[in-house]
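Q: Quick one: sequence and predicted model below, then my questions.
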Amino acid sequence: MGANDTVITLKGSVEIVSEFFFTAINSILYQRGIYQPETFKRESKYGLTVLTTTDQGLLSYLGSVMSQMESWLTDGDVQRLVVVVSGIDSGETLERWQFNVCVEDGSGGVELSMTSGNDENASHNIMKRNLSGDKTKNNRGSKTVKEVHDEIQAIIRQITASVTFLPLLNEPCSFDLLIYTNKTAVVPKKWEDSDPRYIMNSQEVKLRSFTTSFHKVDSMVTYKEADEWELDF
């Protein structure tokens, strides 16, 4: 039996979901122009050519996020990941890329985040950490890695195609990562409060989903509607 035919375990599911988040975040940052295109390299993944950052600061930041994400996923504590794109000059939230995670034994949650900005103030219910800065279940399903990768491929293709329907970002932008977890999740001290960064007068586009038998991930993007005068040009 090849690696792609292997039945997925909880540990394997955690790795798949974390790798998907890493790839999706990189794709969003590239497609939306948050980082310069020359700072990305091409890699083969999910039967696609994907773009991955070569920026060492960003890689370190994302590595730290994914490490904590894997711990929370293993404990069944993750409810969703949100990639927030906001204007640097206006301070407005322009896009929210939301990935909902359904896991067994979920309960009511609080909102946790890591931010790519430099604001060290903590004033809300969501935890954040600056860019500068066990359940042992057996096999539950019969889904293979290849089947899951095919589903993920469709989502990455949709993220790539998003430039065809999302409004142009007319100012330099930054991004934040928000992670919503159960109330029982153990939160590292380096994480701080933040707000959910909702968008007023928004449009929502649902993307595809994938499931590993342990985790199901639903995807969507919410974006700020373009002003009428912007649509005239």
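A: On my side now, so go ahead.
Q: Every contact and neighbour count from this point should use C-alpha atoms.
A: Will do.
Q: Show me the helices in this structure, by range?
A: In order along the chain, the chain carries the following helices (DSSP state H): 10-31, 56-74, 145-161, 228-231.
Q: May I see the buried residues of the first one?
A: Spelled out, it's helix 10-31. Neighbour-count burial for helix 10-31 flags 10-11, 13-18, 20-31 (criterion: 16 or more other C-alpha atoms under 10 Å).
Q: that older thread, now for the helices of the chain, which one comes closest to residue 207?
A: Among these, the nearest to residue 207 by C-alpha to C-alpha is helix 145-161 (6.6 Å).
Q: what is the mean pLDDT for the closest one?
A: Mean pLDDT, taken over the full extent of helix 145-161, equals 96.
Q: Can I get that helix as PDB, trimmed to CA atoms?
A: C-alpha atoms of helix 145-161 as PDB (Å, rounded to 0.1, in the frame of the first residue of the first chain):
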ATOM      1  CA  VAL A 145      -4.500  10.600   1.800                       C
ATOM      2  CA  LYS A 146      -5.000  10.700  -1.900                       C
ATOM      3  CA  GLU A 147      -8.800  11.200  -1.600                       C
ATOM      4  CA  VAL A 148      -8.200  14.100   0.900                       C
ATOM      5  CA  HIS A 149      -5.500  15.700  -1.200                       C
ATOM      6  CA  ASP A 150      -7.900  15.700  -4.200                       C
ATOM      7  CA  GLU A 151     -10.500  17.600  -2.100                       C
ATOM      8  CA  ILE A 152      -7.800  20.100  -0.900                       C
ATOM      9  CA  GLN A 153      -6.600  20.600  -4.500                       C
ATOM     10  CA  ALA A 154     -10.100  21.900  -5.400                       C
ATOM     11  CA  ILE A 155      -9.900  24.500  -2.500                       C
ATOM     12  CA  ILE A 156      -6.500  25.700  -3.500                       C
ATOM     13  CA  ARG A 157      -7.700  26.100  -7.100                       C
ATOM     14  CA  GLN A 158     -10.600  28.300  -5.800                       C
ATOM     15  CA  ILE A 159      -8.200  30.500  -3.700                       C
ATOM     16  CA  THR A 160      -6.100  31.000  -6.900                       C
ATOM     17  CA  ALA A 161      -9.200  31.900  -8.900                       C
END
